[in-house]
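Q: Below are the sequence and a predicted model; questions follow.
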Amino acid sequence: MTFKIRNILQTIWSFRIKKLITFLIIFGVIFSLLQIYLFLDDDNDEEDDDDEDDGNRNIPKDTAVILWWTPFGTENKIRKCEKHSCYFTNNRVYKNHSNLKGVLFYASNLKIYDLPIPRGVDVRWALLHEESPRNCLFLTNYDALSLFNYSSTFSRYSDVPLTLMYLTNIKHLTDTKYYRSVEEKNKLIDQGLASVVYIQSNCDTVNDRDSYISELMKYIKIDSYGSCLNNKKLPDNLKYNYIDNLDSHEFKMFVGQYKFTLAFENAVCHDYISEKLWRPLVVGSVPIYYGSPSFKDWLPNNHSAISVNDFSGPKQLAEFINYLSINDDQYKEYLSHKLLKNSIKNSKIINKFIKKSEIIFYDYVKLFECSVCEKLYDNKYQTLNIDHYNCPKPKSIFNNNTVLKNWWIDSWNYEKCLAKLMHKYVLNNSSINYDKFNNDKQKC
């Protein structure tokens, strides 16, 4: 009898212990979830504070407000730069704040009918743009540029130049991860691969580059994979959305098979050098380049790329490519940055990466914000001139003295008129009526 009672008590006790353990586990899970919820809720509250900012934040009187008029790179917070602190925001309610000292614009989103005017006497304007001017041609004119006081563009003359933006790390130039030896490339050519590759899907360009390449194809074999002048299909692993994967390992390995890459920019601007030049240099394919007249100033060394402008026409260029393709020693001279140690001789590249080994676009944006912040406090500013966005009127790729006759030229002339309108509106310093703007631009 005693034995049975003991067993019953042990069973009851065991059951209670299990219930207690189960309860503690459930309680622990609920408590953890509650903590996570409260943490996220706090974050959301902070975000809501930013969104609901009514312009009455407790900003110190000696802290400059810098407004992103075209929302781009800001946290709606006070940030310490080198010597000074500024409050960066994209909330337009700060347009009339007593501390407003600077207004930042991202050029692609800048609308002439939507400007922060009237403009305060001591309010400086700053322009950021890393792309070609195809969607903001009015900025290629002095009338528009002269309204700004600071710039971060592809020009070396900018406050924060973006000329080397597409080269994120100097080691990429010497790394042999994607490099194929000349012997490997020769075997691939024997198997049917062309010596030259062209991959482009933007066929409507300011400089009419496809006309030149179409002529070049008459004299040399070119594998063209994009929408423009297409004559070959991409491999299965690249054919879908390859434009979104231009920086992928697979795409770089693919381009690295070719001895040469046609690297034609979609616009001709001084110092505007896109990934079209840097990608082949990184993978070890010699760029055949057309674009920035000053691009040689930025090459790893004096023998890194072939300039289209060094030849009188496509036929002469094709003859030189064919010569290099069958003369390995001469071809290798263009790959010294991959084959030889200490072969990067360009001080512009070397000095750029002394302080930081890798620089991405986000870093440039932050540098520009702080550059403007510091210069506002020091009362340093300028009136931008054409050097900050030097994109001459489009000319024929066949003959730089012949002006093209296409809708791009019409657009260029039209945007020149818009630049004058913009200048007039800002100087008048009165709000722009959208209907009046539409009427005025019809006269251009």
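A: Good, I have the coordinates.

Q: center of this protein, which residue is that?
A: By CA atoms, centre = their mean, the chain has its centre lying nearest to Glu130, at 5.2 Å.

Q: contacting residues around the closest residue to it other than its chain neighbours?
A: Ranked by CB to CB, 6 or more residues apart in numbering and with sequence neighbours excluded, the top spatial neighbour of Glu130 is Leu162, at 4.7 Å. (C-beta placed from N, C-alpha, C; glycine too.) Contacts for Leu162 (CB atoms under 8 Å, 6 or more residues apart in numbering) come out as 130, 152-154, 364.

Q: quick one, phi/psi of Leu162?
A: Per-residue torsions, Leu162: phi -110, psi 20 (degrees, to the nearest 10).

Q: Over to Arg124?
A: Dihedral pair for Arg124: phi -100, psi 150, per degrees, to the nearest 10.

Q: Longest strand of this structure, counting residues only.
A: strand 100-106 (DSSP state E).

Q: next one: stretch 412-422 to chain centre, how far?
A: Distance of stretch 412-422 from the chain centroid (CA atoms, centre = their mean, to the nearest Å) equals 25 Å.

Q: now do stretch 214-233
A: Between the centre of stretch 214-233 and the centre of its chain there are 27 Å (CA atoms, centre = their mean).

Q: Now do the end-to-end distance for that stretch.
A: Using CA to CA, to the nearest Å, the end-to-end distance of stretch 214-233 comes out at 18 Å.

Q: what do you get for stretch 190-209?
A: 29 Å.

Q: What segments of the stretch 51-200 of the chain are helices?
A: All helices of the stretch 51-200 of the chain, identified by DSSP state H, counting those that start in this stretch, fall at 142-145, 171-174, 182-190.

Q: Reformat those as CSV; add distance to Thr70.
A: CSV is the format used below for the helices of the stretch 51-200 of the chain (distance: least, CB to CB, whole Å):
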stretch, distance to Thr70
helix 142-145, 15
helix 171-174, 31
helix 182-190, 45
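
Q: Comparing these, which comes out most buried?
A: Comparing those by mean neighbour count (mean count of other CB atoms under 10 Å), helix 142-145 ranks first with a mean of 21.

Q: Run through the neighbouring helices and strands of that one.
A: With contacts defined as 3 or more CB pairs under 8 Å, 6 or more residues apart in numbering; DSSP states H and E, helix 142-145 has these neighbours: helix 407-428.

Q: Just send the helices of the stretch 51-200 of the chain back as JSON lines, with mean pLDDT and distance to Trp407 too.
A: Converted to JSON lines, these look like this (pLDDT from 0 to 100; distance: least, CB to CB, whole Å):
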{"stretch": "helix 142-145", "mean pLDDT": "96", "distance to Trp407": "21"}
{"stretch": "helix 171-174", "mean pLDDT": "94", "distance to Trp407": "38"}
{"stretch": "helix 182-190", "mean pLDDT": "97", "distance to Trp407": "39"}
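
Q: So which of the ones you listed is nearest Arg92?
A: Closest to Arg92 of those, according to CB to CB: helix 142-145, at 21.2 Å.

Q: burial count for the closest residue to Ser227 other than its chain neighbours?
A: With sequence-adjacent residues excluded and distances taken as CB to CB, 6+ apart, Ser227 is closest to Ser201, at 4.2 Å. As a burial measure, Ser201 scores 11 neighbours (other CB atoms under 10 Å).

Q: In a helix, Ser201, correct?
A: No: read with DSSP: H, G, I helix; E, B strand; the rest coil, Ser201 is coil and lies in no helix.

Q: Now for the chain, the helix or strand with the poorest mean pLDDT.
A: Lowest by mean pLDDT, DSSP states H and E among the helices and strands of the chain is helix 2-51, with a mean of 47.
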